[in-house]
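Asker: Need a 3D model of the sequence below.
(2 chains)
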Amino acid sequence: MSSQTPGVEAQPAPPHLWQDDSAAIPREQSLKAAWWIAVIGALIFISAVILFRPDPYLDIVRFIGDGLVVTFQITIVSMLFALILGLVAGLGRTSRSNFINTLASLYVEVIRGIPLLVQLFWIYYALSRFVRLGPNASAVLGLSVCYGAYIGETFRAGIQSIPKGQMEAARALGLTQGQAMRHIIIPQAVRIVLPPVGNEFIAMLKDSSLVSVLAISDMLRRAREYASRTFAYFESYTLVALVYLLVTLIFSRVVYYIELGMARQNKGQPVTVMHRLAAGVIDFVILDIIGLPIFALIGLLVADSPTGLLIPLVVIGLIAAIYLLAFWTRSGATPGMLAVGLRLTTPEGAHASLSRAIPRLLLAMLPLPGLALIGAIPALGGRPLHDRWTHTYVIQA
Amino acid sequence: MSVIDSLQTHNAETPIVKIRDLHKRFGRTHAVHGVSLDVQRGEVVVIIGPSGSGKSTLLRCVNRLEVPNGGTIHIDGQELTNNEQQINRIRADVGMVFQQFNLFPHKTALENITMGPIVVKGWEQTRAHALAHELLVKVGIPEKADSYPDQLSGGQQQRVAIARALAMQPKVMLFDEPTSALDPEMIKEVLDVMLDLAGEGMTMLVVSHEMGFARAAARRIVFMDEGQIVEITTPEALFTAPKHERTKRFLSQILQ
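Answerer: Residues are numbered from 1 along each chain as shown, chains lettered A, B, ... in the order given. Reported below is the predicted structural model:
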């Protein structure tokens, strides 16, 4: 906050004092260069091997493709539960009640002290003596309980990083503790917490490969299945590694833009295509966080009913409505744009009208019906999405 | 509340702030040690004293940001108790301005000001906006309504903070070293706003070492040291003939 260094008039932030020194070690620059080299390198390699050696690479891509969808499904559903658990744990850890605080701390300490792989084994194999959980439920439970503890610590740090004076100023106005949390503390904490939570999401995406030990057909498992039948170990695992790398790189870039958006110094700087793309990726993830679990659930409930197609359409409409509402109440920003600090304005600087949100919404939602369709059309080599949760594909002889 | 008490509430002679034998300890330090003080309606009282003398703690007890260990405080006839709802009600009547401004950085100047009326009093947005614009004119920065705190200078931030406190239409305003965090050239703009307020008859309890302000606006000056009130006097008497040795020493230090 600028309260420590009030300037005479509102003016752009002065350059950092250590700017000259940092020129000697071009961290930022090399990081950017490394990112581009890695992304382009991975893309070139993948396209080259598919083009010039379609056997076995094209085969592998087809085979592990739906594994990637499963990886995303597991990650996104687990993330949703981890965020809820994390919020409860984080608020618990900042609670003044001794009992609640100890309880939350116990959860965090115990879970962080056990490796995720061991937790997954324990939930799937050991717990089965009492409750028999399916592989998907075990995977989601393991990932969300584990990451809930880490995210809880992130939330706690975020809440505690808000200066004490903020709460005092709110209480001095007559706000209750709850009102102060809702209007003053949480909105500020979210801005601080968003980049680390984004990093947790990336970490979870990578760690979700561990669930392949529970016989879930995620990307790694699919590659193993392919390799064990064709002995193309090198090709399968190389491709899996590169796909993970590509996905991780894209999301880490998104987190970088979230950080950029949270730091307020770059106000007024030109908005790059990358910046807008980052907002789009977040919108996609947010829409899927809401959309995919609902799709999966509906798939389970109305698997063979003729109205099966109608209900997802209604759900899409509902999600769209929620999304547009977010744009409208946030006066010119979708949740993704908000996260990277973008806002859509008219040339006069006024907030953009609601109609500008619709193309953005359609763009962000494009993958959603797309994914559902790919899953629904057997001719494309797929099965309905809900099938993917329980079925393992085998290569035909 | 008896009939007589309720009558007294509306009596103009009832002090708006009535502090009796207030004690506050932090661990082993006795920050406030048996302070009694009345502030009358429309009165400006300036509290001075060396750092650590308990003047800020005293102020923070008045709207219960600190919970005292002993003694009583009445605001406009109502005693401050541990009742959470009652405290919130009284806090709405007591405006506070902090040394570090404590503006909400994620809200614009206007939103900072409308926060109290909208959330606490349940006002409609249009009504709160109208009031906020009025207050921004009063503190001299109507053009900064849509600026965020980090786009404002320290003096402007503090003026928004004053407007934010005024938006609750308080019966008394507390100022906790409002100019101490400001660059010298910005102190005057904040003091001018405070002088205007004093001129309009706002009841003010001010912790500050701005002697110019004290001389111009204060009816009484309270000198505190080691958690106790050493003397209460008028500005003229303080500068011409301070009674106590400690007061003299302190004045010679800050006036040199």
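Asker: Where does pLDDT dip in the chain?
Answerer: Using chain A. A:1-26, A:263-269, A:288-313, A:315-316, A:330-331, A:348-352, A:364-397 (pLDDT under 70).
Asker: sorry, should have said chain B
Answerer: Scanning chain B with the threshold set as pLDDT under 70 gives B:1-13, B:256.
Asker: ranges for the strands of it?
Answerer: B:17-26, B:29-39, B:44-48, B:70-75, B:78-79, B:94-97, B:172-176, B:203-207, B:220-225, B:228-233 (DSSP state E).
Asker: Which of those strands sits closest to chain A?
Answerer: Set against chain A and scored by C-beta to the nearest C-beta, the strands of chain B come closest in strand B:94-97, at 4.1 Å. For every residue, glycine as well, the C-beta is placed using N, CA and C.
Asker: Just the residues contacting that closest one, thanks.
Answerer: Strand B:94-97 is contacted from outside by A:169, A:172, B:59, B:62-63, B:65, B:75, B:158, B:161-162, B:165-166, B:168, B:170-176, B:178, using C-beta atoms under 8 Å, 6 or more residues apart in numbering or on different chains.
Asker: Could you report the neighbour count for residue B:48?
Answerer: Neighbourhood size, residue B:48 [other C-beta atoms under 10 Å in any protein chain shown]: 25.
Asker: who's in contact with it?
Answerer: Taking C-beta under 8 Å, 6+ apart as the criterion, residue B:48 is in contact with B:55, B:207, B:208, B:209, B:214, B:221, B:222, B:223, B:224, B:250, B:254.
Asker: Also residue B:184?
Answerer: So residue B:184 contacts nothing (C-beta under 8 Å, 6+ apart).
Asker: can you check the one 3 residues further on too?
Answerer: Counting by C-beta under 8 Å, 6+ apart, residue B:187 touches B:155, B:179, B:210.
Asker: Tell me the secondary structure at residue A:138.
Answerer: Residue A:138 carries the three-state label helix when classified by DSSP: H, G, I helix; E, B strand; the rest coil.
Asker: Neighbour-wise, which one of the contacts of residue B:48 leads?
Answerer: Most neighbours among the contacts of residue B:48, by other C-beta under 10 Å: residue B:55, with 28 neighbours.
Asker: wait, that residue sits on residue B:47?
Answerer: Yes: counting by C-beta atoms under 8 Å, residue B:47 is a contact partner of residue B:55 at 4.5 Å.
Asker: shared neighbours of the two, which are they?
Answerer: Contact criterion C-beta under 8 Å, 6+ apart; residues shared by residue B:55 and residue B:47: B:207, B:224.
Asker: could I get the strands of chain B as JSON lines with distance to residue A:230?
Answerer: Shown next, in JSON lines, are the strands of chain B (distance: least, C-beta to C-beta, whole Å):
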{"stretch": "strand B:17-26", "distance to residue A:230": "73"}
{"stretch": "strand B:29-39", "distance to residue A:230": "77"}
{"stretch": "strand B:44-48", "distance to residue A:230": "84"}
{"stretch": "strand B:70-75", "distance to residue A:230": "82"}
{"stretch": "strand B:78-79", "distance to residue A:230": "83"}
{"stretch": "strand B:94-97", "distance to residue A:230": "73"}
{"stretch": "strand B:172-176", "distance to residue A:230": "75"}
{"stretch": "strand B:203-207", "distance to residue A:230": "80"}
{"stretch": "strand B:220-225", "distance to residue A:230": "85"}
{"stretch": "strand B:228-233", "distance to residue A:230": "88"}
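Asker: Give me whichever of those strands is most buried.
Answerer: strand B:94-97 (a mean of 28; mean count of other C-beta atoms under 10 Å in any protein chain shown).
Asker: Quick one: distance of that one to the chain centre.
Answerer: 5 Å (C-alpha atoms, centre = their mean, to the nearest Å).
Asker: Can you list the strands that it pairs with?
Answerer: Strand B:94-97 has the following strand partners under DSSP bridges: strand B:172-176 (parallel).
Asker: Please identify the residues of the stretch 101-250 of chain B in proximity to chain A?
Answerer: Proximity of the stretch 101-250 of chain B to chain A (C-beta under 8 Å from any C-beta of the partner chain) is limited to residues B:101-106, B:115-116, B:119-120, B:147-157, B:161, B:164-165, B:168, B:181-183, B:185-186.
Asker: what about residue A:177, neighbour count?
Answerer: So residue A:177, with other C-beta under 10 Å, has 14 neighbours.
Asker: So residue A:150 sits against residue A:116, correct?
Answerer: No: the pair residue A:150 / residue A:116 is not scored as a contact, 10.1 Å apart, by C-beta under 8 Å.
Asker: Neighbour count: these two, which is higher?
Answerer: Legend: neighbour count by other C-beta under 10 Å for residue A:150 and residue A:116, higher for residue A:150 (21 against 18).
Asker: my guess is the more buried one is in a helix, correct?
Answerer: Yes: under the criterion used here (three-state DSSP), residue A:150 sits inside a helix.
Asker: if you skip the residues just before and after it, what's nearest to it?
Answerer: Closest residue in space to residue A:150, ignoring its immediate chain neighbours: residue A:200 at 6.0 Å, by C-beta to C-beta, 6 or more residues apart in numbering or on different chains.
Asker: What of residue B:39?
Answerer: Spatial nearest neighbour of residue B:39, chain neighbours left out: residue B:17 (4.0 Å); criterion: C-beta to C-beta, 6+ apart.
Asker: Can you give me the distance of the one you found to residue A:87?
Answerer: Using C-beta to C-beta, to the nearest Å, residue B:17 is found at 41 Å from residue A:87.
Asker: Repeat that for residue B:90.
Answerer: 32 Å.
Asker: Next SSE downstream of the host helix or strand of residue A:324?
Answerer: For residue A:324, the host element (DSSP states H and E) is helix A:310-329. Scanning forward in sequence from helix A:310-329 by DSSP H and E, the next helix or strand is helix A:335-339.
Asker: Export that next one to PDB, keeping only CA atoms.
Answerer: C-alpha atoms of helix A:335-339 as PDB (Å, rounded to 0.1, in the frame of the first residue of the first chain):
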ATOM      1  CA  PRO A 335     -14.300 -13.700 -13.800                       C
ATOM      2  CA  GLY A 336     -11.200 -14.600 -15.800                       C
ATOM      3  CA  MET A 337     -10.600 -11.000 -16.900                       C
ATOM      4  CA  LEU A 338     -11.000  -9.900 -13.300                       C
ATOM      5  CA  ALA A 339      -8.400 -12.500 -12.200                       C
END
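Asker: from the middle of its chain, how far away would that helix be?
Answerer: 13 Å.
Asker: Quick check: what element follows it along the chain?
Answerer: Counting by DSSP H and E, the element after helix A:335-339 in chain order, helix or strand, is helix A:357-365.
Asker: Provide the contact partners of that next one at residue level.
Answerer: Contact with helix A:357-365 is made by A:280, A:283-284, A:287, A:291, A:316, A:319-320, A:323-324, A:327-328, A:334, A:336, as judged by C-beta under 8 Å, 6+ apart.
Asker: and which of the residues you listed is nearest residue A:56?
Answerer: Comparing the contacts of helix A:357-365 against residue A:56 with C-beta to C-beta places residue A:284 closest, at 30.5 Å.
Asker: Chain B versus the closest one, what's the distance?
Answerer: Distance, residue A:284 to chain B, by C-beta to the nearest C-beta, to the nearest Å: 26 Å.
Asker: Check the burial of that residue by counting its neighbours.
Answerer: Burial of residue A:284 is recorded as 19 neighbouring residues (other C-beta under 10 Å).
Asker: How about residue A:224?
Answerer: Residues near residue A:224, counting by other C-beta under 10 Å, number 18.
Asker: go on, residue B:226?
Answerer: Quick note: residue B:226 (other C-beta under 10 Å) scores 15 neighbours.
Asker: which phi and psi does it have?
Answerer: phi 50, psi 40 (degrees, to the nearest 10).
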